[in-house]
Every structure is written in C-alpha cells, then in structure tokens.
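Student: kindly return the folded structure for what I paste below:
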Amino acid sequence: MKKKSSIPDALLAIDFGGLSTRVFCQSSQAGSKANSFVMESQVGPVSQDIANCFTQPNLASASPENIAWVAIGNECRAVGYLAAAQFNAHIGLAGLKYSSALYKALAALWVVSRKLDLGSQFSAAISVFLPPGEFNDSKQFFELLSQYSASFETPTGKLSVTLDKTQALQEGGGIALIHNSNLGSAFKQRVTAFVMVGFRNASVIVSARGAVGKGKTSDLGMVRLVDLVQERTSNYDASRLALSIAQAGVSYNRPYFYRIARNREETAKDREVDQLIEAVKLSRFDYARMLSHWINEVLPPDLDEIVFCGGTSEYMKPELRNQFSHYSLSWHAGITVPKTLDPDGLGCRIADVYGLFSYFKSQFEVLRQRSVAATSQRAEDTTSRSGDAPVPTTDIQSVKECAEQSTKPKSEQSTKPKSEQPTHPKSEPPTKLKLEQFTHAKSEQSTEQKIEQSTEQKTEDITEQKIIEEPAEQKIEEPTEQNTEDITEQNTEICAQQKADSSIKDTCLDDSNKLSDESSSNTEHSLEESETNLDAALLLGGPYRGAGKKVRNYA
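Tutor: Just a heads-up that it's a prediction; the model follows:
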C-alpha cells in the first residue's frame, strides 16, 4: 500500500443527484488543472463476465464514465450510462441515497484514476453531499467506502484507494460556504435560508447569525412534479419526462415533448403532445403550491434572505419569486461555473458541488503552503548547520589560494610547507580537488628550504630575462618554463602550443610522482618537479580549468 502522505494524490467533490452524479476532481501534482464529469444515476446488478464483454473492447475508445462497473467480492454493479443503456437499470429513488452512493463513489474513483492517470494505487480526499435527513448516515457511509475502496475490481483490474480525508456536507452546503465567505463578517449578523430544490429532494438549511444548524428535508424535488404529470398521462419514463419538462421551460416548447411521444402517426402525435403539455401546466401549478407551502413552514420567523439553489429552483423561478417576494432573494449565490468545467452545460445544477470543490481544494492549498514553508525552513536549518555549498570549506579555501597564486608573480607566490596547507582525509572521493594531488614537496625541513631556494633562483633568472630579451611572444621557447602571470597573459596561439605539449607535462608529472615515493635523502629538485608545481596552479585557477579541461588524478 502506498505510504500515506499529508497531501493526497487526488481531490474529489461528488454530488449524488437523483438524475446524475456530478464530480469535480484534481490531481495534487503541481500545475495540474481541475476536471469534471457527469454520470447517469442508474446502478444495476450484473455479472462481472458480462460487464467485461461490454467494456474490454471499448476501453481505448469510450470515456470511462460511460463504461463503468465495480465489483466488491461477488457483488458487481454497472454504474451510470452502462447500467442505463445496456442493463435497463432504473433511477432507484426509493431507498436511502447513500446505499447506492457507495457504488457511485467507487465508480467515480475508477473514472478519476483514468482521467488523472493515477494508476491502480493512490490516495484520495473525498467530499460529498447528503440530504439533511441522511446526514447522520455519513459516518457509516465513509466507513463502508474506506473498507471497499481498499480493494475492488474495475474494468482495468483491481484498484486500491486510500481515503486520506473525507467530508460530508448537507445539500446546499457548497453554495452556503461561498455565500457566507462573500459576505465576510456580515454573515454573522444575518439569518439566511439556503433552499436547495433538486430532482429527488427539497432541503432547507439555515445560517442564523453564523450558526448553521441541521436542515430539513422533504421528497418535494422535481420528481414530485413528474409524478403529478404521470398521474395525468400514460406513464412516461420518469427520467426522460423530467428532462423534456426541464428543457421545454416555461414556454413549453413542443419539440422537446415530441421526443418522448409514443404515437407514430402525425395527427395522433400532435394530439398526444397537446395533452402532455396541458398535464405539465396543471401539475406545475399544483407542485408550486405544495413546494411553497412546505418552504414557508420550515423558514425561521426572523429570516433576512433566501438563497435558492438547484436546477429545479431555477425551473420554478417565476413561482418562487412571486411567492417569496417579501424577502431578499438570490439564486445560486451568484456562482458561475467556468465553461471549461461544464462541458455538458448543466449550469446552475452543478453550482453547489462546484462551490464545495472550491472550498475543499482551498483547504489543501493551505496545507500545501504550510508543507512548502516547513520544507524551506528545514532546508534553511540544514544549510545553517552544513554550509551553503556542498564542497567542504577547506576545498574552497585551497582553490581560492591556488587561484590567487596563479595570478601573482612567481616571487610573491607562497611556498608554505605541506604541513601548513589544507589537507583532507584519505577517505574523501578522489574526484574532489585536493592540493596534494598536484604538489610533491617533502615534509623534511631541508627539502622545503631547497625548494624555496630553487624557486627564488628561478624567479631571479626569469626576471633578468624579461629585462634583456625580446617581447614575450618571441622569447618563449617552452611553455613549461614560464611563470603563472606570463601564461595567464599569453594569447590563444601560445595556449594551443601548450596543449600540444601536454604529453611532455604528463611525463614530468609521472616522474614527479616517482620522486614523491623516494626516501627523504633525495633533496635536490629537478626542473620537471618545479614545472609540476606550476602546472598545479594552472589546473586549479588558470586557462585550462576555464577551458573545461578534465583534471586528471595523478596522486
């Protein structure tokens, strides 16, 4: 199982609507963008073998939300369009919402894993809506979801999801969060009723001067209007009838009713549509009266404003505005869902879950900022203890001293004994720059004195040559006999000549290595050893280092 982290791999906000399941999701990776999708609300039993026959050939071509099924043990359920189109599953409004929501949530997790490319094992934080009447069931719902999401079968194999954080809100809670946030401190002085009218339920939650209590729920969603129409007609399919009623609007556009008419003969079809429109008008009047009466019963007496939410409240807007005109009214708290997150054009019907997702995501943004700040603080503490650079201070000092020596006249260069120069333990990697690799002075005092004398004599000879000989480009015979200052000032032609003679330097340095292994009685230093000391300064601070030449380890 993947190790649990403070920030989950994915964030989800789910609204288990009566007609559709609406989901907003986003990966926690930096730079990721929010995504959304909609699934039909149907859930139906099916064997896993039969489900695979429909999904396996279409995994590459179909959207995952249209071919979703999940299996827990021996129980397999088709979810969404697959259940509705292939297995004749019904909406299923009779039972508790959270019982079918379990399979819908598992299916949503699989769709998210495909859309966000999360693989077969990841962590997730989930926030959902439940009706106020089922809000006390949220604990049991998440316990079951955590248990089953740990291992369940999907069209692409076993999926394992760790629920990092869960949160349940009452329907209308997403809009309430955004609305109260926009009000600022003023919401603590107001009494606001959030009236959510969806397809299945009608709910009211009240924010009384900053305190939000448990809401009230009824079955007076749009399904009640559909029931009234069906009682007056020939029992049309509830989901198709509800869609036609909503699309036809208050003007009762006929083309939307022609879609569900069952007569094939034109005259009979026209008569059927006329009867259907008349039934919708009468049912709408009855439904508006029932809904308004119930809302008036549950509203508090000291109410300041009403915020209507949900698709059905938008459909019933003329009647609701007329009935509650003595209050300050608002629809959906002014929330507008970006078009990029509303490909199905649901508009206000997903405003509530979009508000929930925005709030839920903001909680993790704060957590992310705290995590980044803590990481930065740990890095600063580590830097203050170990230094800013990865190279040890002694190495930096050695490089600086050699660079300074390479730009000074020979007579001013330091001839410190080896025992006074910075050294490093033998256990350090050989790739680190070490001054000992390029110098071969002996530790005996007599040897140090001879090196100093030899160096001073060579400096005097070079100084005399500077006075009496021709300009530098004419008097140079061998690059290895020049001091650091002259080599630094040479033109590119001399540098090329020096590179051509690199084999001579390698031989000199190899000879110097042999001298370093001889006994301390060998106190005379050859010309090659002096040249090696000069070459060390060049490799560390001279033109060879600047040109990117690889430093060989001669130690």
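Student: residues touching A125, list them.
Tutor: With contacts defined as CB atoms under 8 Å, 6 or more residues apart in numbering, A125 is in contact with P8, A10, L11, L12, L163, D164, K165, T166, Q167, F360, F364. Every residue, glycine included, has its C-beta placed from N, CA and C.
Student: let me know how buried D352 is, in neighbour terms.
Tutor: 32 (other CB atoms under 10 Å).
Student: state the helix or strand in which it lies.
Tutor: Per DSSP states H and E, D352 falls inside helix 351-386.
Student: same question for E297.
Tutor: Per DSSP H and E, E297 falls inside helix 266-298.
Student: do the same with D164
Tutor: Since the elements are taken from DSSP H and E, D164 ends up inside strand 157-170.
Student: that strand: which residues count as buried?
Tutor: Across strand 157-170, burial judged by 16 or more other CB atoms under 10 Å covers L159, V161, T162, L163, D164, K165, T166, Q167, A168, L169, Q170.
Student: what about S358, how many residues close to it?
Tutor: A count of neighbours around S358, defined by other CB under 10 Å, yields 18.
Student: isn't K158 right up against Q121?
Tutor: No - with contact defined as CB atoms under 8 Å, K158 does not count as touching Q121 (9.1 Å).
Student: now K269: closest residue in space that isn't a chain neighbour?
Tutor: Taking CB to CB, 6 or more residues apart in numbering as the measure, K269 lies nearest to N263, with 4.4 Å between them; neighbours along the chain are not counted.
Student: ok, that neighbour touching D274?
Tutor: No - with the criterion set as CB under 8 Å, N263 and D274 do not qualify as a contacting pair; they are 11.6 Å apart.
Student: quick revisit: tell me the helix or strand right after the helix holding E297.
Tutor: Along the chain past helix 266-298, the next helix or strand (assigned with DSSP H and E) turns out to be strand 305-309.
Student: after that following strand, which helix or strand is next?
Tutor: Heading C-terminal from strand 305-309, the first helix or strand you meet, by DSSP H and E, is helix 311-315.
Student: which residues does that following helix contact?
Tutor: For helix 311-315, the external contacting residues (CB under 8 Å, 6+ apart) are 195-199, 202, 221-222, 225, 245-246, 249, 308, 320, 331-332, 346-349.
Student: if we go to 7 Å?
Tutor: Applying CB atoms under 7 Å, 6 or more residues apart in numbering, the set of residues contacting helix 311-315 from outside is V195, V197, G198, F199, G221, M222, A246, L320, W331, C348, R349.
Student: max pairwise distance over these: which two?
Tutor: By the measure CB to CB, V195 and A246 form the most distant pair in these, at 18.1 Å.
Student: ok, those two, which is more surrounded?
Tutor: The neighbour comparison of V195 against A246 (other CB under 10 Å) goes to V195, with 25 against 18.
Student: am I right that that one sits in a strand?
Tutor: Yes - inclusion of V195 in a strand is indicated when DSSP: H, G, I helix; E, B strand; the rest coil is applied.
Student: so it touches E305, yeah?
Tutor: No - the pair V195 and E305 does not pass the contact test of CB atoms under 7 Å, sitting 10.7 Å apart.
Student: host element of R22?
Tutor: strand 20-27.
Student: which residues of the protein score low on pLDDT?
Tutor: Per-residue confidence for the chain (pLDDT under 70) gives these ranges: 1-6, 92-98, 367-555.
Student: which non-adjacent residue is nearest R232?
Tutor: Spatial nearest neighbour of R232, excluding adjacent residues (CB to CB, 6+ apart): A279 at 3.8 Å.
Student: how near is D304 to W331?
Tutor: Note on D304: its distance to W331, by CB to CB, to the nearest Å, is 16 Å.
Student: mind checking which of the two has more residues around it?
Tutor: Between D304 and W331, counted using other CB under 10 Å, W331 has the larger neighbour count: 19 against 15.
Student: got the contact list for that one?
Tutor: If you count contacts by CB under 7 Å, 6+ apart, W331 has them with F308, S313, E314, K317.
Student: how about a cut-off of 6 Å?
Tutor: The contact partners of W331, by CB atoms under 6 Å, 6 or more residues apart in numbering, come to F308.
Student: now V353
Tutor: Residues in contact with V353, defined by CB under 6 Å, 6+ apart, are A13, D15, R22, G174.
Student: how about C309?
Tutor: If you count contacts by CB under 6 Å, 6+ apart, C309 has them with G172, I175, M196, H332, D352.
Student: I'd guessed the fourth one sits against R349; true?
Tutor: No - under the criterion of CB atoms under 6 Å, H332 makes no contact with R349, lying 9.5 Å away.
Student: between these two, who's got more neighbours?
Tutor: The neighbour comparison of H332 against R349 (other CB under 10 Å) goes to R349, with 27 against 24.
Student: phi, psi for the more buried one please.
Tutor: Summarising the backbone geometry of R349 under the convention degrees, to the nearest 10, its torsions are phi -70, psi -20.
Student: now do the closest residue to it other than its chain neighbours against G184, distance only.
Tutor: The spatial neighbour of R349 that comes closest, neighbours along the chain excluded (CB to CB, 6+ apart), is G311 at 3.8 Å. Computed with CB to CB, the distance linking G311 and G184 is 29 Å.
Student: cool, Y327 as well?
Tutor: Taking CB to CB as the measure, Y327 and G184 are separated by 21 Å.
Student: next: G80.
Tutor: G80 sits 40 Å away from G184, going by CB to CB.
Student: how about L177?
Tutor: Here the distance between L177 and G184 works out to 13 Å (CB to CB).
Student: these two: which is more packed in?
Tutor: For L177 versus G184, the count of surrounding residues by other CB under 10 Å is larger for L177: 20 against 8.
Student: in which helix or strand would I find A60?
Tutor: Counting by DSSP H and E, A60 is held by no secondary-structure element, helix or strand.
Student: what number of residues lie near it?
Tutor: For A60, the neighbour count with other CB under 10 Å is 6.
Student: go on, the one 10 residues further on?
Tutor: Around V70 there are 28 other residues, counting by other CB under 10 Å.
Student: need phi/psi at it.
Tutor: Torsion angles, degrees, to the nearest 10, at V70: phi -140, psi 150.
Student: which ones are touching the closest residue to M290 other than its chain neighbours?
Tutor: Of all residues not flanking M290 in the chain, L220 sits nearest, at 6.2 Å (CB to CB, 6+ apart). If a contact means CB under 6 Å, 6+ apart, then L220 has A202, L291, W294 as its contacts.
Student: can you check F152 too?
Tutor: Here F152 is in contact with V70, I72, L106, L159 (CB under 6 Å, 6+ apart).
Student: beta-bridge partners for the last one, please?
Tutor: With DSSP bridges as the criterion, L159 is bridged to F152.
Student: how near is it to S151?
Tutor: For L159, the distance to S151 under the criterion CB to CB works out to 8 Å.
Student: number of residues surrounding K115?
Tutor: 18.
Student: dump the residue contacts of it.
Tutor: With contact taken as CB under 6 Å, 6+ apart, K115 is in contact with N35.
Student: from G80, how far out is it?
Tutor: Using CB to CB, we find K115 at a distance of 14 Å from G80.
Student: do F16 as well
Tutor: On the measure of CB to CB, F16 and G80 end up 12 Å apart.
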